[in-house]
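Asks: structure here, sequence nowhere to be found:
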């Protein structure tokens, strides 16, 4: 066989049909995203034209509307989403790396059960918590605040975050910490100066994962916020409910929601893939 | 305990009670405490409380009339509520259809990606994009594409001479419109897991098979597939559970319509609760979803154990 080495192995080699399949797959994956972005810079006439237009002179009017300070500004929702996603990421990271460190470094009788319990909570459908949480937050009069979304997203991410961070801590040799302790480092200083820096790629993987989930989340934000803590996905869904369909406005909002995720995902994709596959390949 | 001992401990104060050895045993619990507190308070306790709520007839609008009814809400759901069965039918059909398609496309894409000699990384990151962006945002894009009058799907099918379909307003087409959108969105997850699984396989096995003259199909059926089965089953487990929870995409595409034909559990619970203010039935429906998910999880775990043991 002429092609030699690349023929061996489980993959499909890149003969012409496979290349064709790859291209179809690529087009299928990217087209809807490109289409939304394209629609966001089309005016009404271009959107309603048949056959659909691919090349238009871009009309950025709805971007100015949403990113400006006028009546219809979406900056408030973008700010809510940003704040919620960033704080959730920090909180989840802090809380789950402490727990993960304990699971990784201390062996005690309950640890296996606790870890199993923590992972088993992922089987709980989050929607199960909506009704009781609504009643609780209404009683505490904290419905429609950013705080509750931060707490919920943190809770949803703790099991996976802990699992992921534990895997990274497990990969750091204990001897390094012991050496630091011998040199007179206290427990907390060892953690801050030795362990965490070594786990930085794990921290990056976990943060990206948590950030994207919090930024993209819709269901809880939709059910538990009303005015003050509304996030940008909820703003988009509200436009949907109106009688007339404003495709350009909605595509603009959708693009604004997608952009940070696309940027983060594209530039830090290596970490994201690690986070996604860490749970399954063990 | 006698009073003398208590006083003695009290006098000695907290400092000496916290011996280094005790400190060592306490440390992991202290480190885990915040995680379990948030998890318990926000997710576990509310879910348990939800079971209790499901046994009450309780409307938010008339809270003074609430009464304990035991399992009456479940009896109502399972025997009198046609919508509940429609929701269950949709959820199960949706789960089976999406998972089957995702695994076929996922396996094919993983093998294609693995076979790429150059540009695998770039290609992987392009194929991963649908999974990174918000379901609500891409759902909107698909809604635009499925639109009867201006949608690109209808434009393309009329080009090949098929009549326009009112995708989102007819029962059958609406189901498939949602399935395809979800398959598009979450296949990358399956692909990534499989690709990682395949990459981790030892190359010697394939060289040996090659030497023995096995062809590609045989290699896949006898070697690759059995070896990647464990990560595949784990991925399947999570995918199944996630499918039962689907919310955003049916919401943005059809809002559960036409009628309740494409309504998932989450949307149904939202409707019972926020539209009819019926706490008891909303809670009971989510308990059913919980039991269903747990049942499927256990079935999968048994499957894994049986294979291992």
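Replies: Arrived safely. What you are looking at is a predicted structure, and each value in this text was computed from that prediction instead of being measured. Numbering: from 1, shown residues only, chains lettered A, B, ... in the order given.

Asks: quick check, residue B:123 in contact with residue A:23.
Replies: No. Counting by C-beta atoms under 8 Å, residue B:123 does not reach residue A:23; the two are 10.2 Å apart. In short, each C-beta sits where N, CA and C put it, glycine included.

Asks: more crowded one of those two?
Replies: residue B:123 (18 against 10; other C-beta atoms under 10 Å in any protein chain shown).

Asks: centroid-nearest residue for chain A?
Replies: When C-alpha atoms, centre = their mean is applied to chain A, the residue found nearest the centroid is residue A:212 (1.4 Å).

Asks: got the contact list for residue 87?
Replies: I went with chain A, as the question did not name one. Residues in contact with residue A:87 (C-beta atoms under 8 Å, 6 or more residues apart in numbering or on different chains) are A:146, A:150.

Asks: not quite, I wanted chain B
Replies: So residue B:87 contacts B:260, B:263-265, B:268, B:285 (C-beta under 8 Å, 6+ apart).

Asks: can you say which helix or strand has it in it?
Replies: helix B:82-115 (DSSP states H and E).

Asks: what residues sit buried inside the helix or strand following that helix?
Replies: Next helix or strand after helix B:82-115 toward the C-terminus (DSSP H and E): helix B:120-132. Buried residues in helix B:120-132, counted by 16 or more other C-beta atoms under 10 Å in any protein chain shown: B:120, B:123-132.

Asks: ok, which of those residues also contact chain A?
Replies: Counting by C-beta under 8 Å from any C-beta of the partner chain, B:123-130, B:132 from the buried residues of helix B:120-132 sit close to chain A.

Asks: tell me the pLDDT of the closest residue to residue B:192 other than its chain neighbours.
Replies: Leaving aside its sequence neighbours, residue B:192 sits nearest to residue A:276 (C-beta to C-beta, 6 or more residues apart in numbering or on different chains; 5.1 Å). pLDDT for residue A:276: 76.

Asks: which residues touch the host helix or strand of residue A:276?
Replies: Take DSSP H and E as the rule and residue A:276 turns out to sit in helix A:269-278. The contact list for helix A:269-278, computed with C-beta under 8 Å, 6+ apart, reads A:163-164, A:167, A:201, A:204-206, A:208-209, A:212, A:265, B:124-125, B:128, B:132, B:189, B:192-193, B:195-196.

Asks: repeat for stretch A:234-248
Replies: By C-beta under 8 Å, 6+ apart, the list of residues contacting stretch A:234-248 reads A:39-40, A:42-44, A:47, A:59, A:61-62, A:74, A:77, A:218, A:221-222, A:225, A:249-250, A:253-254, A:257, B:136-137, B:140, B:144, B:150, B:251-252.

Asks: averaged pLDDT, that stretch. What do you get?
Replies: On average, stretch A:234-248 scores 82.

Asks: go on, stretch A:211-229?
Replies: pLDDT averaged over stretch A:211-229 gives 94.

Asks: quick one: distance of it to the chain centre.
Replies: 12 Å (C-alpha atoms, centre = their mean, to the nearest Å).

Asks: tell me the residues of the stretch 51-200 of chain A that contact chain B?
Replies: A:51-52, A:94-96, A:98-99, A:101-103, A:105-106, A:108, A:111, A:114, A:118, A:121-136, A:151-152, A:154-156, A:158-159, A:162.

Asks: among those residues, which ones are buried?
Replies: A:52, A:95-96, A:98-99, A:101-103, A:105, A:111, A:114, A:118, A:121-136, A:151-152, A:154-156, A:158-159, A:162.

Asks: returning to that earlier point: show me the contacts of residue B:87 that map onto helices.
Replies: Those of these mapping onto helices are B:265, B:268, B:285, per DSSP state H.

Asks: so which of those residues wins on neighbours?
Replies: In these, the most neighbours by other C-beta under 10 Å go to residue B:285, 30 neighbours.

Asks: what's the distance between the residue nearest to that residue when sequence neighbours are not counted and residue B:87?
Replies: Spatially, and ignoring its direct neighbours in sequence, residue B:285 is nearest to residue B:269 (5.1 Å; C-beta to C-beta, 6+ apart). Using C-beta to C-beta, to the nearest Å, residue B:269 is found at 9 Å from residue B:87.

Asks: pull up the overlap in contacts between these two.
Replies: Joint contacts of residue B:269 and residue B:87 (C-beta under 8 Å, 6+ apart) are residue B:285.

Asks: quick one: contacts for the closest residue to residue B:169 other than its chain neighbours?
Replies: In space, and not counting its chain neighbours, residue B:169 is closest to residue B:258: 5.7 Å by C-beta to C-beta, 6+ apart. Listed by C-beta under 8 Å, 6+ apart, the contact set of residue B:258 reads B:169-171, B:174.

Asks: thought residue A:132 was touching residue B:54?
Replies: No. Shown here, residue A:132 and residue B:54 do not form a contact pair, counting by C-beta under 8 Å, at 10.4 Å.

Asks: anything in contact with each of the two?
Replies: residue B:283.

Asks: how about residue 70, secondary structure?
Replies: Because you didn't say which chain, this covers chain A. Recorded secondary structure, residue A:70: coil (DSSP: H, G, I helix; E, B strand; the rest coil).

Asks: count of neighbours near it?
Replies: 9.

Asks: what of residue A:236?
Replies: 26.

Asks: coming back round to it: and the residue nearest to residue B:169, how far from residue B:170?
Replies: 7 Å.

Asks: ok so, going back, and the ones next to chain A among the buried residues of helix B:120-132, which two are furthest apart?
Replies: B:123 and B:132 (15.2 Å; C-beta to C-beta).

Asks: could you list the buried residues of the helix or strand hosting residue A:178?
Replies: Using DSSP H and E, residue A:178 sits within helix A:174-182. By 16+ other C-beta under 10 Å, the buried positions in helix A:174-182 come out as A:177, A:180.

Asks: could you find the closest non-adjacent residue to residue A:143?
Replies: residue A:137 (4.7 Å).

Asks: can you list the helices and strands that the helix or strand in which the one you found is found packs against?
Replies: Secondary structure assigned from DSSP H and E places residue A:137 in helix A:130-139. Applying 3 or more C-beta pairs under 8 Å, 6 or more residues apart in numbering or on different chains; DSSP states H and E, we find helix A:130-139 packed against helix A:146-170, helix A:219-224, helix B:45-53, helix B:265-274, helix B:279-308.

Asks: give me the contact list for it.
Replies: In contact with helix A:130-139 (C-beta under 8 Å, 6+ apart) are residues A:143, A:148, A:152, A:219-220, A:223-224, B:42, B:45-47, B:49-50, B:53, B:269-270, B:273, B:279, B:282-283, B:286.

Asks: hmm, 6 Å instead?
Replies: Contact partners of helix A:130-139, identified using C-beta atoms under 6 Å, 6 or more residues apart in numbering or on different chains, comprise A:143, A:148, A:223, B:46, B:49-50, B:273, B:282-283.

Asks: could you single out the nearest of those residues to residue A:179?
Replies: Nearest member of those to residue A:179, counting by C-beta to C-beta, is residue A:148, at 43.8 Å.

Asks: count of neighbours near the closest one?
Replies: 23.

Asks: what sits against it?
Replies: With C-beta under 6 Å, 6+ apart, residue A:148 has these contacts: A:137, A:142, A:224.

Asks: the closest residue to the second one other than its chain neighbours and residue A:232: what is the separation?
Replies: Looking back up the chat, that one is residue A:142. With sequence-adjacent residues excluded and distances taken as C-beta to C-beta, 6+ apart, residue A:142 is closest to residue A:148, at 5.8 Å. Using C-beta to C-beta, residue A:148 is found at 17 Å from residue A:232.

Asks: go on, residue A:265?
Replies: 17 Å.
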